[in-house]
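Undergrad: sequence below, structure please.
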Amino acid sequence: MAKALFYALSRRASLKRLASRYGMATPDSFARRFIAGESTEEAIEAARTLQARGRLLTLDYLGESVTTADEATTAAREYLRLIEVIVASGIERNISLKLTQLGVGVDRATCVDNLRRILDPAQRHGFFVRIDMENSPYTEVTLEVFETMWQQQYRNVGVALQSALYRTEKDVSRMNALGARVRLVKGAYKEPASVAYQRKADVDAAFSRLTELLLDEGTYPAIATHDEQMIEHARVYAGSRGIAQDRFEFQMLYGIRRDLQAALLAAAYRMRVYVPFGREWFPYFMRRLGERPANVTFVIRSLFRERS
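TA: Now for the predicted structure:
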């Protein structure tokens, strides 16, 4: 229910305008709990702080669902600039992107060309690039584009998969067979019962099964969750199978469960933080609220404080 509500709200232009006015206005504005900033420079500063605390990093330039080829080309150009800035900054060379940001919903060939424009300099400079998974209408085309890049010998790229979808066990096996790196998430999108589990218990059970499959047969999988039960399951399973802690990593989102991030680092696990930034932060922000409605109270209090 909450996920569907916040997804619908994320598409309201009037709400987006209101949030844009107040969400990032000051250093303690409500959206900054989850968003590193609107500029690349702010993101680099946040990333440096996290890296100094032992976290691995992925910079996520926010944006999705462009409607023209020109917008897709502009997004690709921003990623090229981001690569240059990261190289100059000296932080870890790791980024993520969405294919609808690069135009897959406009023209698949344009998207492939834009992705190749990013992967080429990324490969030269030693970057890893994660293709994030979007809602279910884009699952198959995302994997097909990924496989196109893989067949063209790009090995600096991985993909995310969602445990909420029925199809994902086959997709995990498909990626494991390639030797591709998978980021396993539960899924932040409201999906119909025809393609996805509707009960949290079923999503969790699938996440646990897929975690085991990735740990047994995957290539350096990323277990991306803030759920302590899912994390504990991964830890216990890996230990029981003699899987070394450097053969996988845990991942969390910027600003979420920093206590748990620190605990995993203290236990000598690899811990990566996704650092989202950019002016198109509102849809991402609303999905975070939908995943954890308790954050709404924090946002409301912050908003009233900023407007008083």
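Undergrad: any low-confidence regions in this structure?
TA: Along the chain, segments meeting pLDDT under 70 span 1-30, 291-308.
Undergrad: and if we set it to 90?
TA: The chain contains residues with pLDDT under 90 at 1-34, 38, 188-190, 255-256, 279-308.
Undergrad: quick check: chain neighbours aside, which residue is closest to residue 44?
TA: Closest residue to residue 44 apart from its sequence neighbours, by CB to CB, 6 or more residues apart in numbering: residue 89 at 5.0 Å. The C-beta positions use only the backbone N, C-alpha and C, and glycine is treated the same way.
Undergrad: could you do residue 238 as well?
TA: That would be residue 215: by CB to CB, 6+ apart, it lies 5.5 Å from residue 238.
Undergrad: right, and the residue nearest to residue 44 touches residue 45 too?
TA: No. Between residue 89 and residue 45 there is no contact under CB atoms under 8 Å: 9.3 Å.
Undergrad: can you show me the CA trace of the host helix or strand of residue 113 as CSV?
TA: Residue 113 is part of helix 108-124, with elements assigned from DSSP states H and E. Taking C-alpha atoms only, helix 108-124 is exported to CSV below (Å, rounded to 0.1, in the frame of the first residue of the first chain):
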residue,chain,number,x,y,z
ARG,A,108,17.1,1.1,-28.0
ALA,A,109,19.9,1.7,-30.5
THR,A,110,20.4,5.3,-29.0
CYS,A,111,20.6,3.8,-25.5
VAL,A,112,23.2,1.2,-26.6
ASP,A,113,25.3,4.0,-28.2
ASN,A,114,25.0,6.2,-25.1
LEU,A,115,26.0,3.3,-22.9
ARG,A,116,29.0,2.4,-25.0
ARG,A,117,30.1,6.1,-24.9
ILE,A,118,30.2,5.8,-21.1
LEU,A,119,31.7,2.3,-20.9
ASP,A,120,34.6,3.1,-23.2
PRO,A,121,36.3,5.8,-21.0
ALA,A,122,35.1,4.0,-17.9
GLN,A,123,37.0,1.0,-19.0
ARG,A,124,40.1,3.0,-19.9
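Undergrad: OK, contacts around residue 209?
TA: residue 169 (CB atoms under 8 Å, 6 or more residues apart in numbering).
Undergrad: sorry, back to before: list the buried ones in whichever helix or strand comes after the helix holding residue 113?
TA: Downstream of helix 108-124, the first helix or strand assigned by DSSP H and E is strand 128-131. Buried residues in strand 128-131, counted by 16 or more other CB atoms under 10 Å: 128-131.
Undergrad: strand 128-131: how far from the chain's middle?
TA: 10 Å (CA atoms, centre = their mean, to the nearest Å).
Undergrad: what does it contact?
TA: Contacts for strand 128-131 (CB under 8 Å, 6+ apart): 58, 93-99, 115, 118-119, 122, 142, 145-146, 156-160, 181, 183.
Undergrad: what strand or helix carries residue 60?
TA: Using DSSP H and E, residue 60 falls in strand 56-61.
Undergrad: just name whatever secondary elements the helix or strand that that strand is followed by is in contact with.
TA: Scanning forward in sequence from strand 56-61 by DSSP H and E, the next helix or strand is helix 69-89. Judged by 3 or more CB pairs under 8 Å, 6 or more residues apart in numbering; DSSP states H and E, helix 69-89 is in contact with helix 40-52, strand 56-61, strand 94-97, helix 108-124.
Undergrad: now helix 69-89 against helix 40-52, angle please.
TA: 50 degrees (axes from the mean of the first three to the mean of the last three CA atoms, to 10 degrees).
Undergrad: ok, back up a step: could you point out which element follows whichever strand or helix holds the residue nearest to residue 238?
TA: Using DSSP H and E, residue 215 sits within helix 200-217. Counting by DSSP H and E, the next helix or strand C-terminal to helix 200-217 is strand 222-224.
Undergrad: now stretch 247-260 - C-alpha only, PDB.
TA: Once non-C-alpha atoms are left out, stretch 247-260 reads as follows in PDB (Å, rounded to 0.1, in the frame of the first residue of the first chain):
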ATOM      1  CA  ARG A 247      34.100 -12.900  -2.300                       C
ATOM      2  CA  PHE A 248      31.000 -10.700  -1.900                       C
ATOM      3  CA  GLU A 249      29.900  -7.400  -0.400                       C
ATOM      4  CA  PHE A 250      27.000  -5.800   1.300                       C
ATOM      5  CA  GLN A 251      25.500  -2.600  -0.100                       C
ATOM      6  CA  MET A 252      23.300   0.100   1.400                       C
ATOM      7  CA  LEU A 253      21.900   3.400   0.400                       C
ATOM      8  CA  TYR A 254      23.300   6.800   1.500                       C
ATOM      9  CA  GLY A 255      21.800   7.900   4.800                       C
ATOM     10  CA  ILE A 256      20.100   4.600   5.700                       C
ATOM     11  CA  ARG A 257      21.200   2.300   8.600                       C
ATOM     12  CA  ARG A 258      24.500   4.000   9.200                       C
ATOM     13  CA  ASP A 259      24.700   2.000  12.400                       C
ATOM     14  CA  LEU A 260      24.400  -1.300  10.500                       C
END
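Undergrad: perfect, I'm done here.
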